[in-house]
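Asker: Model the structure of this input:
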Amino acid sequence: MSRPRRLLPTLGLRARLMVIGVLGLAVGLALGGVVLLGALGWTLQRAVDTEAQRTADAVVLLAAEDALPDPLPVAGGQLRVQVVDAQGRVRAASIDADRLVPMLGPDQLRQGTRQRLVVDGQRLGLPGPVRVVTVPAGTPAEPLTVLVGKSMADVRHSLRVVRTLLLVGFPLLVAGLAVVAWRVIGATLRPVEALRSGAAEITGRAGSGRLPVPAAQDEIHRLAVTLNDMLARLESARDRQRAFVADAAHELRSPLTNIRTELEVARRLGDRTDWPAVADDLLADSERLGRLVDDLLLLARLDEEPAQGSSRRAVGPVELGELLRAVADRYPSPPVRLRLPDGPVWTEGDPEELRRVLTNLVENALRHARSDVLLAVTGPHPADRGVPVPRRPGGVATTASG
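Answerer: So this is what the prediction gives:
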């Protein structure tokens, strides 16, 4: 038992399915053959008993009318009939039956009861075992018993033929079913092999592609559709990653180029270099680099947090006017101009993240504006609504003119 268990996992999926299916079918056919033999034997035995019982009932009618002929008329050469009295003497018999020795001995025969016994056929002159049926007859004053014996040779021969046919045909049938199962399972798994080949081709060329979708609307079709959707999402994520890397490289190249240019110019000028001005420019470019690096780290952290199941960062009330003032103080005016609202305008969010977003907007506006950049807050004033509102939603507007 342990060896087949170790061998089965080493086989392929197709072979495992075939082995499991053929074994299950073989067990079912074996059980069916056993049931068939049992049912056939019971049916043939019942037919023998019925024929013997019918013959015995006919002889009983003759005995009741005291008209027993000698010999007793019996149809067929496989029947033996005797009529014995209470002392075990044979009073009448069929032409082929023994007229001296009854079919059943004194220890086997019970007067006045119906019996069904199997005896050796040699003592009766019949081949094989013999089925003997006893039926009471006669009168209470003179009790008689009718004995009818029928050979079971035909029954045994029929069962032997059927058993031989099953033993010969069963392996052939199982072998044929194994071949059919192998081909059917192969045809069923062919779409899976097509999916594997498509996946290997996509992996080999390291590019985009789609897996073949079978025409049948089954589980493999749904699997192929799901895998193609996953490939589409992966391709889209890869495109976004490439675009992000390109944008990040472009953004990082600008301050690095400025720093390199400042240092090269300062080295060529030598003693004429205005080092405080160079330091201020380098500090501004360094701060810009720091902000870009912080933004990249923030994006990486936001991508990792959903995968790790971490909770979202806490948010709170943020006054947009103060936020604009804090960001605008970092830039000269002009070109950055600030227009504050008449009253406080509140929103909910992470102050640090909102500051990063606003700083990026201002940086982009300064990069593309020709004259100046206007920072303003838009939103309804609390007085317009008639009630004091400690937190009311508002929006930030960044306008680049020129």
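Asker: any idea how far residue 191 is from residue 240?
Answerer: 32 Å (C-beta to C-beta, to the nearest Å). The C-beta positions use only the backbone N, C-alpha and C, and glycine is treated the same way.
Asker: low-scoring pLDDT stretches of the stretch 51-200 of the chain, where are they?
Answerer: The stretch 51-200 of the chain contains residues with pLDDT under 70 at 75-77.
Asker: Quick one: the strands in it, in order.
Answerer: Along the stretch 51-200 of the chain, the stretches classed as strands by DSSP state E, counting those that start in this stretch are 79-85, 90-93, 115-119, 130-138, 143-151.
Asker: The last one pairs with which strands?
Answerer: The pairing partners recorded for strand 143-151 under DSSP bridges are strand 79-85 (antiparallel), strand 130-138 (antiparallel).
Asker: The shortest one too?
Answerer: Take DSSP bridges as the rule and strand 90-93 pairs in its sheet with strand 79-85 (antiparallel).
Asker: Can you give me the buried ones in the strand it pairs with?
Answerer: Buried residues in strand 79-85, counted by 16 or more other C-beta atoms under 10 Å: 79-84.
Asker: which one of those sits closest to residue 48?
Answerer: Using C-beta to C-beta, residue 79 is the member of these that sits closest to residue 48, with 10.2 Å.
Asker: now the closest one: how far from residue 136?
Answerer: 19 Å.
Asker: ok, now residue 98?
Answerer: Per C-beta to C-beta, residue 98 is found 21 Å from residue 136.
Asker: What is the distance between stretch 196-204 and the centre of its chain?
Answerer: Distance, stretch centre to chain centre, for stretch 196-204: 23 Å (C-alpha atoms, centre = their mean, to the nearest Å).
Asker: Alpha carbons only: can I get it in PDB?
Answerer: Extracted in PDB, the C-alpha atoms of stretch 196-204 (Å, rounded to 0.1, in the frame of the first residue of the first chain):
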ATOM      1  CA  ARG A 196       1.500  26.600 -20.400                       C
ATOM      2  CA  SER A 197       3.100  27.000 -23.900                       C
ATOM      3  CA  GLY A 198       1.700  30.500 -24.200                       C
ATOM      4  CA  ALA A 199       3.000  31.400 -20.700                       C
ATOM      5  CA  ALA A 200       6.400  30.000 -21.600                       C
ATOM      6  CA  GLU A 201       6.500  32.000 -24.800                       C
ATOM      7  CA  ILE A 202       5.500  35.200 -23.000                       C
ATOM      8  CA  THR A 203       8.200  34.500 -20.400                       C
ATOM      9  CA  GLY A 204      10.800  33.700 -23.000                       C
END
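Asker: what does it contact?
Answerer: With C-beta atoms under 8 Å, 6 or more residues apart in numbering as the contact definition, stretch 196-204 has outside contacts at 208-212, 227, 231.
Asker: Derive a PyMOL selection command for the buried subset of those residues.
Answerer: Selecting the buried subset of these in PyMOL, with 16+ other C-beta under 10 Å as the burial test, is done by:
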select buried, resi 211+227+231
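Asker: Which two of the contacts of stretch 196-204 have the greatest separation?
Answerer: 208 and 212 (15.0 Å).
Asker: State the phi and psi torsions of the residue sitting nearest the centre point of the chain.
Answerer: Nearest residue to the geometric centre of the chain (C-alpha atoms, centre = their mean): residue 219, 9.3 Å. Residue 219 adopts backbone torsions of phi -60, psi -40, taken as degrees, to the nearest 10.
Asker: roughly how far apart are it and residue 17?
Answerer: 15 Å.
Asker: where along the stretch 151-300 of the chain do the helices fall?
Answerer: Listed in chain order, the helices of the stretch 151-300 of the chain (DSSP state H, counting those that start in this stretch) span 153-205, 219-269, 275-308.
Asker: which secondary structure elements does whichever helix or strand comes after the shortest one contact?
Answerer: So that's helix 275-308. Per DSSP states H and E, the first helix or strand lying C-terminal to helix 275-308 is strand 316-319. For strand 316-319, the packing partners by 3 or more C-beta pairs under 8 Å, 6 or more residues apart in numbering; DSSP states H and E come out as strand 346-349, helix 351-368.
Asker: any idea of the mean pLDDT for strand 316-319?
Answerer: Taken as a whole, strand 316-319 carries a mean pLDDT of 85.
Asker: Name the residues of it that come out as buried.
Answerer: For strand 316-319, a neighbour-count test (16+ other C-beta under 10 Å) marks 318-319 as buried.
Asker: partners of that strand, with directions?
Answerer: strand 346-349 (antiparallel).
Asker: Dump the C-alpha coordinates for the partner strand into CSV.
Answerer: Below are the C-alpha coordinates for strand 346-349, written out as CSV (Å, rounded to 0.1, in the frame of the first residue of the first chain):
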residue,chain,number,x,y,z
TRP,A,346,-10.7,74.0,6.9
THR,A,347,-10.3,70.6,5.3
GLU,A,348,-9.4,67.1,6.6
GLY,A,349,-6.2,65.3,5.7
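Asker: Buried ones in that strand, by neighbour count?
Answerer: Applying 16+ other C-beta under 10 Å to strand 346-349 flags 346-347 as buried.
Asker: Could you chop the chain up by domain?
Answerer: 10-205, 240-304, 316-380+394-401 (the TED database).
Asker: Mind checking those domains for the one nearest to residue 223?
Answerer: Using C-beta to C-beta, the domains of the chain put domain 10-205 closest to residue 223, at 7.3 Å.
Asker: End to end on stretch 202-215, go ahead and measure it.
Answerer: Its start and end residues considered, stretch 202-215 measures 21 Å (C-alpha to C-alpha, to the nearest Å).
Asker: For the closest residue to residue 129 other than its chain neighbours, grab the count of nearby residues.
Answerer: Nearest residue to residue 129 in three dimensions, chain neighbours excluded: residue 152, at 4.7 Å (C-beta to C-beta, 6 or more residues apart in numbering). Residues lying near residue 152 (other C-beta atoms under 10 Å) number 21.
Asker: With residue 335 instead?
Answerer: 17.
Asker: Look up phi and psi at the closest residue to it other than its chain neighbours.
Answerer: Spatial nearest neighbour of residue 335, excluding adjacent residues (C-beta to C-beta, 6+ apart): residue 372 at 4.2 Å. In terms of degrees, to the nearest 10, the main-chain angles of residue 372 are phi -140, psi 170.
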